[in-house]
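Peer 1: Whatever this is, show me its structure:
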Amino acid sequence: MSSSPCPCKDELRQAAFDLGASRIGFARAYALPEEEVESYRRWLAEGCHGTMGYLEKYDALRADPRELLPGAKTVISCAFNYYLNTGVTAGSVAMYSWGMDYHWVVKERLQRLAEMLPGESRVCVDTAPVRERWWARQAGVGFIGRSGLLVVPGQGTHFFLGEILTTAELEPDEPCRVTCGKCRRCVEACPVKAIRDDSTIDARRCLSYLTIEHRGDFPEGTDLHGKLYGCDVCTECCPHNRGALPTTIPEFQPRDALLSMTDDRWTHLTSGDWKRLTRGSAMSRLSFSGIRRNLSNN
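Peer 2: Below you'll find the model as predicted:
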């Protein structure tokens with residue numbers, strides 16, 4: 001909590017850029033429109049969240065950020081670039097997990113930004129029940145593409161999102177009005193047809209979900225298409241990524257332990273190997289039994 005006067009938006013923008021953010025935007029905190037809330041509930045009712053039961057919880061909090069922080073007046077949305085144009089690849093592992101765990105990297109930076117604000121603030125990075133892509137769109141940071149990913153115009157889809165809920169009142173930015181238009185490249189490229197006609201994702205088919213979030217055995221006939229942890233197909237084909245610039249955040253650089261993995265090392269992976277390989281990274285979300293399951297299905 002800070003008792004200092006509220007800095008102007010230009011000061012906050014510059015501070016966010018200095019902390020590694022590529023984009024920052026401001027939205028007025030309010031309850032989501034009923035149609036947005038009902039759309040999410042229908043998605044759940046159709047079972048598209050698979051075994052991710054946590055997405056069914058905290059309905060009231062998800063629908064109104066002021067329930068998460070009483071008195072919140074502003075939602076500050078920030079996007080942090082993780083794109084790695086290194087000429088190397090970890091092929092079967094999604095790029096977002098090549099570096100250190102983004103939850104801690106982004107949260108630490110946003111906490112420093114929040115210290116500039118008067119009143120009360122709460123930093124949220126992926127784990128709190130916040131509709132982060134929706135708020136990023138409202139704050140003018142980007143738009144939600146057909147793939148379900150946030151697209152930052154001119155910079156692409158390789159971004160981690162984080163929010164600061166604050167009781168400080170800041171002038172809201174204009175929402176992002178850009179759309180995918182008629183482009184359907186991600187829909188056509190998805191090897192498991194997980195992107196539905198209404199531009200929502202059926203997680204039960206999605207390779208990122210299956211390799212990371214799904215618990216237990218796979219449904220009979222499941223084809224992971226060579227993926228071990230996550231999937232980058234819908235980012236690789238997105239035309240908005242043509243102008244993507246590599247991240248300047250050191251913690252997102254690829255870990256040597258991951259880049260040194262060979263087919264033979266994957267085949268003979270032990271529990272100790274997995275602990276060392278995933279220590280401090282987002283990949284630690286997957287258990288050793290989970291990666292063994294994925295390996296045996298490829």
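
Peer 1: Buried residues in stretch 271-278, which are they?
Peer 2: Buried residues in stretch 271-278, counted by 16 or more other C-beta atoms under 10 Å: 273-274, 277-278. For every residue, glycine as well, the C-beta is placed using N, CA and C.

Peer 1: ok, the residues you listed vs residue 257, which is closest?
Peer 2: residue 277 (5.2 Å; C-beta to C-beta).

Peer 1: Can you tell me the closest non-neighbouring residue to that closest one?
Peer 2: Using C-beta to C-beta, 6 or more residues apart in numbering and skipping residues adjacent in sequence, the residue nearest residue 277 is residue 257, 5.2 Å away.

Peer 1: In which helix or strand does the one you found reside?
Peer 2: If you go by DSSP states H and E, residue 257 is part of helix 256-259.

Peer 1: now that helix: mean pLDDT?
Peer 2: Averaging pLDDT along helix 256-259 gives 90.

Peer 1: Repeat that for stretch 30-37.
Peer 2: The average pLDDT within stretch 30-37 is 97.

Peer 1: if we look at it, which residues are touching it?
Peer 2: Defining contact as C-beta atoms under 8 Å, 6 or more residues apart in numbering, one finds that stretch 30-37 is touched by 63-64, 66, 131, 134.

Peer 1: about what we covered before: can you redo the buried residues of stretch 271-278 as JSON lines with distance to residue 38?
Peer 2: What follows is the buried residues of stretch 271-278, written out as JSON lines (distance: C-beta to C-beta, whole Å):
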{"residue": "273", "distance to residue 38": "46"}
{"residue": "274", "distance to residue 38": "41"}
{"residue": "277", "distance to residue 38": "42"}
{"residue": "278", "distance to residue 38": "38"}
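
Peer 1: between those, which is closest to residue 200?
Peer 2: Using C-beta to C-beta, the buried residues of stretch 271-278 come closest to residue 200 at residue 278, 29.9 Å.

Peer 1: Who are the contact partners of the closest one?
Peer 2: Shown in contact with residue 278 (C-beta under 8 Å, 6+ apart): 284, 286.

Peer 1: let's go with 6 Å and repeat that
Peer 2: Going by C-beta atoms under 6 Å, 6 or more residues apart in numbering, residue 278 touches residue 284.

Peer 1: distance of it from residue 236?
Peer 2: From residue 278 over to residue 236 the distance is 23 Å, taken as C-beta to C-beta, to the nearest Å.

Peer 1: what does residue 37 give?
Peer 2: 33 Å.

Peer 1: Between these two, point out the one with more neighbours.
Peer 2: Neighbours per residue (other C-beta atoms under 10 Å) separate residue 37 from residue 236, with residue 37 holding more: 17 against 13.
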